[in-house]
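Asker: Quick one, structure for this:
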Amino acid sequence: MNKNNFLFAGLITASIFSSSVLKAQCTAVSEFSENFDTLSCCAMGVVPSCWDSILTAGGGNQIISSTSPASSPSNVYQTGYTKISIVVMPPLTNINAGTHHFRFKARVNSGPGLLEFGYITNVADASTFVVLQSITINNSTYDSTSERIFDVPTTVPANARLAIRNPGTTWAGHYWDDAVWEPKSALSTNDLKLNDFKIYPNPFTDIITISETDDIQNLKITDVSGRLIKTIEKASSKINLNDLKPGIYFITFKQKDGKSQTIKAIKE
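Answerer: Below is the predicted model:
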């Protein structure tokens, strides 16, 4: 069996058979801030109270690690090629209110890495996870590019729970820390400016238009496996991408101040 068939078979198997480290039912909250520092290394599936961990069959790996956290002494670690693990956040009263966003910091031990931000509707069933945004991670330390901020659509079911999944598509070990669900008003001026980046049309055929380019240092385009397709320096407002094959891509805008934002784009 070649590598691609092995990966496909592993992912299908993992999506069907899974086990969960389930917590007692908890009262939903409107905000949370978690740095995992009350937890210690290294039992499998350890998460804070009112969180959940789903480890799929075949060796899904998720632990609390003491290796170079963003805030000492602990951070989450997820790894495993073809081995899926999902960390599920606590129940929220306002997951689809459109008033809050999720932010966290992430790094990898050897990039590129790929995590997925999304939600799950049944913590006993890994297949109910829905991807909202894939996260390509290249930084090996918690640096100026490590923090990511995500809005959550108002169409998300009210009973859903936010989650981070390692889909098992890379060999990277993924670390993340300082997970926060907070009002959007907590954004700084620079963060608001970062969230203004938009591309259109999306889906597109050949050319995309970028809403704002003044503060862009460069942009990188990766595919769903995290493979870098191209880097564009000094991006103009219109970019011709007729050389890309139809499919799903992730466009990461890097600002001159070091912050970055990733947008999913679909080429028809």
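
Asker: moving C-terminal of the helix or strand hosting Ile229, what's the next helix or strand?
Answerer: Here Ile229, judged by DSSP states H and E, is contained in strand 228-233. Using DSSP H and E, the helix or strand that follows strand 228-233 in sequence is strand 238-240.

Asker: so how far is that following strand off the chain centroid?
Answerer: 26 Å (CA atoms, centre = their mean, to the nearest Å).

Asker: elements contacting that strand?
Answerer: strand 207-210 (3 or more CB pairs under 8 Å, 6 or more residues apart in numbering; DSSP states H and E). Glycine gets a C-beta too; all of them are placed from N, C-alpha and C.

Asker: mind showing which ranges of the chain have poor pLDDT?
Answerer: Applying pLDDT under 70 to the chain flags residues 1-25, 185-197, 224-226.

Asker: switch to 90 and redo it
Answerer: For the chain, the stretches with pLDDT under 90 are 1-26, 56-60, 71-72, 110-111, 143-145, 183-205, 207, 209-239, 247-268.

Asker: Helices along that one, start to end?
Answerer: Here the chain has its helices, by DSSP state H, at 3-16, 189-194.

Asker: need the contact list for Thr79.
Answerer: Taking CB atoms under 8 Å, 6 or more residues apart in numbering as the criterion, Thr79 is in contact with Asn61, Asn166, Ala172, Gly173, His174.

Asker: quick one: the last one from Glu233, how far?
Answerer: Relative to Glu233, His174 is positioned 28 Å away (CB to CB, to the nearest Å).

Asker: So if I had to pick from the two, which one is more boxed in?
Answerer: For His174 versus Glu233, neighbours defined as other CB atoms under 10 Å are more numerous around His174 (25 against 8).

Asker: list the contacts for that one?
Answerer: Per CB under 8 Å, 6+ apart, neighbours of His174: Tyr77, Gln78, Thr79, Ala106, Arg107, Val108, Gly113, Leu115, Ile137, Asn166.

Asker: what do you get if the cut-off is 6 Å, keeping everything else the same?
Answerer: Gln78, Val108, Gly113, Leu115, Asn166 (CB atoms under 6 Å, 6 or more residues apart in numbering).

Asker: Over to Leu219?
Answerer: Per CB under 6 Å, 6+ apart, neighbours of Leu219: Ile232, Ala235, Ile251, Phe253.

Asker: ok, how many other residues are close to the closest residue to Glu147 other than its chain neighbours?
Answerer: Counting by CB to CB, 6 or more residues apart in numbering, Glu147 lies nearest to Lys105, which is 5.0 Å off, once chain neighbours are set aside. When neighbours are counted by other CB under 10 Å, Lys105 registers 22.

Asker: Just the buried residues out of the contacts of His174, in PyMOL syntax.
Answerer: Buried residues among these (16 or more other CB atoms under 10 Å), as a PyMOL selection:
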select buried, resi 78+108+113+115+166
